[in-house]
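> Turn this into a model:
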Amino acid sequence: MKKNIAIIMGGYSSEYKISLKSGNVVHTYINKEKFNTYRIHIFKDKWVYVDENDIEHPINRNDFTVSLKEETLSFDCVFNAIHGTPGEDGLMQAYFELLGIPQTSCDYYQSALTFNKRDLLSVLKPYGITAAASYYLNLGDEIDEEAIIDKVGLPCFVKANKAGSSFGISKVHERENLKSAIDKAYKEDDEIIIEAFLNGTEVSVGVITYKGETKVLPITEIVSENDFFDYEAKYEGKSQEITPARISKVQQEKVEELAKRAYEVLKMKGYSRSEFIFIGDEPYMLEMNTTPGLTTESILPQQAAKAGISLEELFTSAVDEALNKKG
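Down below sits the predicted model:
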């Protein structure tokens, strides 16, 4: 008997449009002979199942079921395609844990930790995973520009601590632009991380659980036409994403080892995509995404294709892994 799979998409953050694209790609490519798939839109004002005629049916949040005319629809597994809150910060993971419904992304603690850039980098530091010099601010803190520049120098990056897809990020070259960059980041989050600029090759490393094993995917080199890998570069064609990356064997081995170590130290499952910048041969970690983009143009699917893994295999395997964990 085919399993019912809820593909959750949307979310409460600025990333909801990208998430809808990701979720629809999963819905298109996942193995339909093996699974019945259902598109579930999760928004602040509504949780709904959107059927093939684009008719919306409300979700009962008490047990994550849908009342249809002839039946009550329940789900055997959830495929998480929500970027940002509440799908990438642990909220949905905790909800499904309480309901006993398996889901494809990492568990709620790992999700909350990785969504918080400051906490993630602090946890990984003792395991030999280094990051750029950084300065932290919370909304309401005094902004001491001199102290910030003394710590991280110029240029520097000002980022929202808990936001994805390059929302709320600025590269600051001059001190007089620091305050406006901080204000921009506060529009996305009440916590900020300000990091030293690392002038080196940027790479993205996908690590997934595939057929029961931790698998490091071919590495992607990011070459932005813009000043950095911002939203426009990421989603509007203003960058080159070169897979496999044009890096040395030494660099490749180091970054693969670190990305896998981070995945295993954190007891991750499902998909992850970690960003690093090389200074010489040393990789510095920027962040880890646990529900990375899954559109046909997204980095993780590109990497899977280079590894000989089709979209159908990538998505179907994630559900199989989640169902097997339950068993």
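
> Any figure for the gap between the residue nearest to Ser317 when sequence neighbours are not counted and Glu321?
Spatially, and ignoring its direct neighbours in sequence, Ser317 is nearest to Tyr210 (5.5 Å; Cβ to Cβ, 6 or more residues apart in numbering). C-beta coordinates here come from the backbone N, C-alpha and C atoms, glycine included. Per Cβ to Cβ, to the nearest Å, Tyr210 is found 8 Å from Glu321.

> Now do the same contact list for the residue nearest to Ser317.
By Cβ atoms under 8 Å, 6 or more residues apart in numbering, Tyr210 lies in contact with 309, 317, 321.

> for Thr130, same thing?
Taking Cβ under 8 Å, 6+ apart, one finds 282-285 in contact with Thr130.

> SS state for Val123?
helix (DSSP: H, G, I helix; E, B strand; the rest coil).

> er, Val250 actually
Under three-state DSSP, Val250 comes out as helix.

> Before we move on, what's the pLDDT of the closest residue to it other than its chain neighbours?
Excluding its sequence neighbours, the residue lying closest to Val250 (Cβ to Cβ, 6+ apart) is Asp281, at 5.2 Å. On pLDDT, Asp281 comes in at 97.

> how close does the most centrally placed residue in the chain get to Gly84?
In the chain, the residue lying closest to the centroid (Cα atoms, centre = their mean) is Asn289, at 2.9 Å. Distance from Asn289 to Gly84, counting by Cβ to Cβ: 10 Å.

> likewise Lys3?
Lys3 is 27 Å from Gly84, by Cβ to Cβ.

> who has more neighbours, these two?
Gly84 (24 against 14; other Cβ atoms under 10 Å).

> what's the closest non-adjacent residue to that one?
Closest residue to Gly84 apart from its sequence neighbours, by Cβ to Cβ, 6+ apart: Ser13 at 3.2 Å.

> What is the burial count for that neighbour?
As a burial measure, Ser13 scores 23 neighbours (other Cβ under 10 Å).

> Asn116 reaches Ala160, doesn't it?
No. Look at Asn116 against Ala160 with Cβ atoms under 8 Å: they stay out of range, at 10.8 Å.
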